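S.K.: all I have is the shape, not the residue letters:
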Ligand code: S3P
């Protein structure tokens, strides 16, 4: 599907951001492993989270997806059944890596697969620690990617030094750590701190979690108890509306219900460094996660450097930040972000391809990109590569580009934000 988007004169109004993708996945997973019924509100009805629901249903968990709430009828830590068929994770890296940690602890075998993108994403990063813990996990094509075959059970605790700051790897090992034998804790140390939603939610369900610096540990055999979860809005989805409000002339947007967990709030820090007119209002907590409404107004942005420890806190927002940089005055350098190459697409190559098509001076590097901002963007044909974050970033670029922009595969936004184009159109006037 090709989607056409034209320049906007002004954006005004409010948008309520749908639930956080990372937290929605974890709510289903831990709800399934808890005793009793977990009620989740503001659950993200994106394709990725629906894949997680589908996988747990295949393992015998009854999950009711009602209009305003999800009810997960958990069967306890050892309540999963051998799946009736191959688990299909669709496009979801989070489902793949987190569920593998759980499957590694089961005394049944399982197989999981996903779409073409998933089948090319690196799974060696979870195969390695799970194998060290004693699971027999293999890549069926021998290329360290899905499809994966997992023979679980009899796990031992490890202290894993992860070479990448990845919440998916960390969560995978922690989830497997629940199924280890003995009384020792499973530990993960990462080079810099990645998002901590698993730690917060595991503690919320009653697991013994200890975090110190970039090391986190979990005790084996927790008794997880069902909980109420109100999922905060996803800052990664809010990013598009924050950028739209800053970039489009004569705009003022109230972006409501945004999760601002400090392990996810790098975008806010970068916007401020770029000179954004941005105010956090109504700060509060939902199920232990900090939340705010964010008021943004059109701003004259300037280039910046994005590097180091901030990278994991905004890894999914870097395509949007690159578009903001293209519209900002001066140079922006993004580095230490080699992980961009192994997301739903190679986001360094794809940003260079598409921003260049819009007339931007951008150079890809081994671990990021360098952008000379300030030249007007030209409408262009954009290749989304079926990557939802690329499609949404260029839908915003299109609002400030001369002429019209077509986005190939634009409906891939259904992965994380099915109502994205409707919410965006509602702000045009
Ligand atoms: C996620 C972690 C991040 C992020 C992804 C969601 C999670 O991936 O890019 O969209 O929910 O744990 P990595 O952990 O691989 O960096």
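M.R.: Structure received. Predicted model, so just to flag it, every value in this text is computed and none were measured.

S.K.: what number of residues lie near residue 9?
M.R.: 11 (other Cβ atoms under 10 Å). Quick note: C-beta positions are derived from backbone N, CA and C, even for glycine.

S.K.: what distance do you get for residue 323 to residue 144?
M.R.: Note on residue 323: its distance to residue 144, by Cβ to Cβ, to the nearest Å, is 32 Å.

S.K.: which one's more surrounded, those two?
M.R.: Between residue 323 and residue 144, counted using other Cβ under 10 Å, residue 323 has the larger neighbour count: 30 against 16.

S.K.: if you count contacts, what does whichever helix or strand that one is part of end up packed against?
M.R.: Taking DSSP states H and E as the definition, one finds residue 323 inside helix 318-327. Other elements packing on helix 318-327 under the criterion 3 or more Cβ pairs under 8 Å, 6 or more residues apart in numbering; DSSP states H and E are helix 235-247, helix 266-273, strand 330-334, helix 347-357, strand 368-373, helix 388-400.

S.K.: same thing but 7 Å
M.R.: Helix 318-327 is packed against helix 235-247, strand 330-334, helix 347-357, strand 368-373, helix 388-400, with contacts defined by 3 or more Cβ pairs under 7 Å, 6 or more residues apart in numbering; DSSP states H and E.

S.K.: now residue 70. Nearest residue, chain neighbours left out?
M.R.: Using Cβ to Cβ, 6 or more residues apart in numbering and skipping residues adjacent in sequence, the residue nearest residue 70 is residue 40, 4.2 Å away.

S.K.: I misspoke; the intended subject was residue 92.
M.R.: Per Cβ to Cβ, 6+ apart, closest to residue 92 is residue 48, 3.8 Å.

S.K.: show me the helices in the stretch 101-250 of the chain, by range?
M.R.: 124-133, 167-177, 197-205, 235-247 (DSSP state H, counting those that start in this stretch).

S.K.: can the longest one be said to contact the ligand?
M.R.: No: interface with the ligand: helix 235-247 contributes nothing (Cβ under 6 Å from any ligand atom), its closest point being 7.1 Å away.

S.K.: report the rounded mean pLDDT for the helix or strand following that helix.
M.R.: Going down the chain from helix 235-247, the next helix or strand is strand 252-259, by DSSP H and E. Mean pLDDT, computed over strand 252-259, is 98.

S.K.: list the contacts of strand 252-259.
M.R.: Strand 252-259 is contacted from outside by 11-17, 20, 232-235, 238, 241-242, 244-245, 289, 291-297, 427, using Cβ atoms under 7 Å, 6 or more residues apart in numbering.

S.K.: buried subset of these, written for PyMOL?
M.R.: Typed into PyMOL, the next command selects the buried ones out of the contacts of strand 252-259 (criterion: 16 or more other Cβ atoms under 10 Å):
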select buried, resi 11+15+17+20+232+233+234+235+238+241+242+244+245+289+291+292+293+294+295+296+427
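
S.K.: nearest residue to residue 126 other than its sequence neighbours?
M.R.: Spatial nearest neighbour of residue 126, chain neighbours left out: residue 172 (4.7 Å); criterion: Cβ to Cβ, 6+ apart.

S.K.: who touches the one you found in this structure?
M.R.: Residues near residue 172 by Cβ under 7 Å, 6+ apart: 97-98, 100-101, 126.

S.K.: what pLDDT does the model give the nearest residue to residue 222 once chain neighbours are set aside?
M.R.: Sequence neighbours aside, residue 207 is the residue nearest to residue 222 in space, at 3.8 Å (criterion: Cβ to Cβ, 6+ apart). Looking at residue 207, its pLDDT reads 98.

S.K.: OK, contacts around residue 207?
M.R.: Per Cβ under 7 Å, 6+ apart, neighbours of residue 207: 178, 218, 222, 224.

S.K.: the ligand contacts on the stretch 101-250 of the chain?
M.R.: Near the ligand, the residues belonging to the stretch 101-250 of the chain are 166-168, 171, 194-195 when assessed by Cβ under 6 Å from any ligand atom.

S.K.: what's the closest non-adjacent residue to residue 184?
M.R.: Nearest non-adjacent residue to residue 184, counting by Cβ to Cβ, 6+ apart: residue 157, 4.5 Å away.

S.K.: what sits against that neighbour?
M.R.: Going by Cβ under 7 Å, 6+ apart, residue 157 touches 177, 180, 182, 184-186, 220.
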